[in-house]
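K.L.:
Can you look at this prediction? I've put the sequence above it.
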Amino acid sequence: MKIIMAKHAGFCFGVKRAVDAIEKSLENSQKVWTIGLPIHNPQEVARLEAMGLKVANNADEIPSGAEVLIRAHGEALNVIESLRSRDVKVRDMTCLFVRKAQDYAKSLSEKDYHVVLLGDKNHPEIKGIMGHAVNENNVEVVANEAEAEKISRYPKIALISQTTQREERLANVAAILIRKCLTLHVCNTICKATAERQDAVKELVTNNDVDGAVLIGGRASANTGKLRDIIKSHNIEVLWIEDENEIESNLDWFKNKNTIGIAAGASTPEWLIDKIKKQIGVRS
Ligand code: F3S
């Protein structure tokens, strides 16, 4: 069986930076915490926990004197301030692209814009961006064009995107919002790494005559979910797996396939991709 890798796959710049920082902190201390899972990849989280990382459900669980690493998704300002006031050492590893979205939310809400965030309202990145606006009541989250249609009229609207959105959807939502205000400020905060992985997957399934695509990534990973949607939209069969054990339970999927593509989300570590590639090689 021929295996073709997507040109861009695995850890993005922001995730790599955060994971490297966690590893470095763990070399010096065993009191290193994150609020929520550091990344949406259970295998990588388990590796970091085995090194000593502690994962808190919320900021209140972090004890004084501990060190907390703010993950790449970012965190609301009031959470960071309350940690600092409790003698917790904060190392902010918010991805620079997410930081840009947070800064826009802060500065534009200060200028009385009604802030519309395009993304998933339950995603920590969106919650963190919301938590940078001066008044959270003046922020709304829309997931798509239909929800954007429901936004009321305002004199000024700022549209800010979750970093994992597609540009096409951002443009569609902007076209809807421009009818609802006098001034529309569109912040294209979609990150390049996301677009690169999405374009690479599109290229993988359209130019290579593949019979199917194996997608490697955590099931809670928003950017991996987007890659799955892209593969499916090209009518290519996709097998979404988290680890090499899932190859064994899906051997039928590989039957009668001559060429398969492999893609991976931005939170999938290199070591896991290699392991899975090897396992597919053994089984094919
Ligand atoms: Fe940052 Fe983009 Fe990765 S926003 S965390 S570089 S997917």
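P.N.:
Nice, I can see it. Numbers count the residues shown, from 1 in each chain.
K.L.:
Contacts only, for residue 77.
P.N.:
106, 131, 132 (Cβ atoms under 8 Å, 6 or more residues apart in numbering). C-betas here are computed from N, CA, C, even on glycine.
K.L.:
Rounded mean pLDDT for the strand or helix carrying the first one, please.
P.N.:
When secondary structure is defined using DSSP states H and E, the element that contains residue 106 is helix 96-110. For helix 96-110, the mean pLDDT works out to 97.
K.L.:
check contacts around the nearest residue to residue 14 once chain neighbours are set aside.
P.N.:
Excluding its sequence neighbours, the residue lying closest to residue 14 (Cβ to Cβ, 6 or more residues apart in numbering) is residue 95, at 2.9 Å. By Cβ under 8 Å, 6+ apart, the contact set of residue 95 is 13, 14, 15, 17, 18, 72, 73, 74, 163, 191.
K.L.:
mind listing what the residue of the stretch 151-284 of the chain found nearest the ligand touches?
P.N.:
Nearest to the ligand in the stretch 151-284 of the chain, going by Cβ to the nearest ligand atom, is residue 191, at a distance of 3.2 Å. Neighbouring residues of residue 191 by Cβ under 8 Å, 6+ apart: 12, 14, 95, 97, 163, 164.
K.L.:
again with residue 277
P.N.:
Per Cβ under 8 Å, 6+ apart, neighbours of residue 277: 3, 5, 262.
K.L.:
backbone phi and psi for the last one, please?
P.N.:
Meaning residue 262. Main-chain torsions, residue 262, degrees, to the nearest 10: phi -120, psi 130.
K.L.:
What is the burial count for residue 145?
P.N.:
By the measure other Cβ atoms under 10 Å, the count of residues near residue 145 is 13.
K.L.:
Just the buried residues of the contacts of residue 95.
P.N.:
Listed as buried from these are 14, 15, 18, 72, 73, 74, 163, 191; burial here means 16 or more other Cβ atoms under 10 Å.
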